[in-house]
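> Here you go, sequence then predicted model.
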Amino acid sequence: MKPTVELVLLVAAHNEEAALPAMHPRLLAVAEALGPGVRVLYVDDGSRDGTWALMSGFIAATPDRVGALRLSRNFGKELALTAGLDHVPPGAAVVVLDADGQDPPELVPAMVARWRAGAEVVFGRRSERHGEPLLKRATAAAFYRVINALSDTPIPRDTGDFRLIGPRAVEALRGLRERQRFMKGLFAWVGFRAEAFDYERAPRVAGASQFNYWRLWNLAIEGITGFSTVPLRVATYVGLFSALGAFAFGVWIILRTLMWGDPVAGWPSLMVVIALLGGLQLMALGIIGEYLGRLYLEAKQRPLYIIDEARLPAA
Ligand code: UDP
Ligand code: MG
């Protein structure tokens, strides 16, 4: 009888043919050292290079250990991870790792030890960010400050997706079917006893990062709108205070006209007020639009991802 699956090492990869040959032996070694109930599950997030061929080769070499899902196109890392989580056998814990070696697989046994000691979630916290430019570190720090000021779900700073998620937390995560996803926030939202695990984030083994600043900015907006409605309230208050200001200004104009008459001056002040209010209205509409757009995407109820091919090891 085959042993049941206890732990799945989940790796989402998009165009990682350069990194995977170095990464796979390390993952496999860790899985083998941890015992027969440990699997490696890849999700090919619509790669256009040799990633799927590499994965197929890994499966052919050790079909009991390794499985892979191939998405029908590039859905992005958050949805690729979701697809992977959906295919984890019930009762198994998951460790999420990057395909590029930035989250060293050699640390997994220590995370597993913490899980066995009682933590449901063990999340990696980056003590060093090797090979990341100052600007990326600064913007990341600013992002965590903003989102934690706005969101009711505390999101630990300097954490990535590298983490061990216990079976109960995996089950809970599977229940969150929103389309606009910010995994770090969802991980935090499900709760459970979580412990931080400090590690040095290694540089990529090969290839280049696919998260440029524009993508990170969009992910940040996703995180903030997904976990906070404070921006909507800000729009309300900005509107309220500018309306109060406009009212006071109106009173002042009436009084001034009554006392000194109306010499038809005031074109500059009129233009300033119109421009200011116009700007504020557009900003408030923009914020409402961000939320409305997300509501629209959710309302369509599309599947989160589409699988082209699944090659899973027998449970
Ligand atoms: N990734 C993915 N889909 C994408 C983009 C990235 O699955 O659309 C994977 C990528 O293959 C890697 C991980 O997400 O395993 C992290 O990506 P990357 O190293 O580019 O980001 P960074 O580490 O710079 O944040
Ligand atoms: Mg990386």
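Structure received. Ligands and ions are numbered 1, 2, ... in the order given.

> which helices and strands sit right next to the longest helix seen in the chain?
Ordering each helix of the chain by length in residues (DSSP state H) puts helix 267-299 first. Under the contact criterion of 3 or more C-beta pairs under 8 Å, 6 or more residues apart in numbering; DSSP states H and E, helix 267-299 touches helix 213-227, helix 230-260. The way it works is simple: take the backbone N, C-alpha and C, and place the C-beta from them, glycine included.

> Columns mean pLDDT and distance to ligand 1 on top of the ones you listed, output as TSV?
Below are the helices and strands packed on helix 267-299 laid out as TSV (pLDDT from 0 to 100; distance: least, C-beta to the nearest ligand atom, whole Å):
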stretch	mean pLDDT	distance to ligand 1
helix 213-227	80	8
helix 230-260	80	25
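
> who wins for proximity to D49 among the ones you listed?
helix 213-227 (19.0 Å; C-beta to C-beta).

> Point out the most buried one among the helices and strands packed on helix 267-299.
Most buried of these by mean neighbour count (mean count of other C-beta atoms under 10 Å) is helix 213-227; its value is a mean of 16.

> Send over that helix as PDB, restricted to the C-alpha atoms.
What follows is helix 213-227, C-alpha atoms only, in PDB (Å, rounded to 0.1, in the frame of the first residue of the first chain):
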ATOM      1  CA  TYR A 213       7.600  47.700 -10.600                       C
ATOM      2  CA  TRP A 214       4.400  48.000 -12.500                       C
ATOM      3  CA  ARG A 215       3.300  44.400 -11.700                       C
ATOM      4  CA  LEU A 216       4.200  45.000  -8.000                       C
ATOM      5  CA  TRP A 217       2.200  48.300  -8.000                       C
ATOM      6  CA  ASN A 218      -0.800  46.400  -9.300                       C
ATOM      7  CA  LEU A 219      -0.300  43.600  -6.800                       C
ATOM      8  CA  ALA A 220      -0.100  46.300  -4.100                       C
ATOM      9  CA  ILE A 221      -3.500  47.800  -5.300                       C
ATOM     10  CA  GLU A 222      -4.900  44.300  -5.300                       C
ATOM     11  CA  GLY A 223      -3.700  43.800  -1.700                       C
ATOM     12  CA  ILE A 224      -5.100  47.100  -0.500                       C
ATOM     13  CA  THR A 225      -8.500  47.000  -2.200                       C
ATOM     14  CA  GLY A 226      -8.800  43.300  -1.300                       C
ATOM     15  CA  PHE A 227      -8.200  43.800   2.400                       C
END
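
> by contact count, what packs against that helix?
Looks like helix 213-227 contacts helix 134-150, helix 183-189, helix 267-299 (3+ C-beta pairs under 8 Å, 6+ apart).

> So which bits of the stretch 1-150 of the chain are right by ligand 1?
12-14, 16, 45, 74, 76-77, 80, 98-100, 102 (C-beta under 6 Å from any ligand atom).

> Inside helices: which ones of the residues you listed?
77, 80.

> Let me have the residues of the stretch 1-150 of the chain next to ligand 1 in JSON lines, extended by pLDDT and neighbour count.
JSON lines is the format used below for those (pLDDT from 0 to 100; neighbours: other C-beta atoms under 10 Å):
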{"residue": "A12", "pLDDT": "95", "neighbour count": "27"}
{"residue": "A13", "pLDDT": "94", "neighbour count": "24"}
{"residue": "H14", "pLDDT": "94", "neighbour count": "21"}
{"residue": "E16", "pLDDT": "91", "neighbour count": "29"}
{"residue": "D45", "pLDDT": "94", "neighbour count": "28"}
{"residue": "N74", "pLDDT": "93", "neighbour count": "16"}
{"residue": "G76", "pLDDT": "89", "neighbour count": "19"}
{"residue": "K77", "pLDDT": "90", "neighbour count": "23"}
{"residue": "A80", "pLDDT": "94", "neighbour count": "24"}
{"residue": "D98", "pLDDT": "91", "neighbour count": "22"}
{"residue": "A99", "pLDDT": "91", "neighbour count": "29"}
{"residue": "D100", "pLDDT": "88", "neighbour count": "23"}
{"residue": "Q102", "pLDDT": "85", "neighbour count": "22"}
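
> Right, I'll call it a day here.
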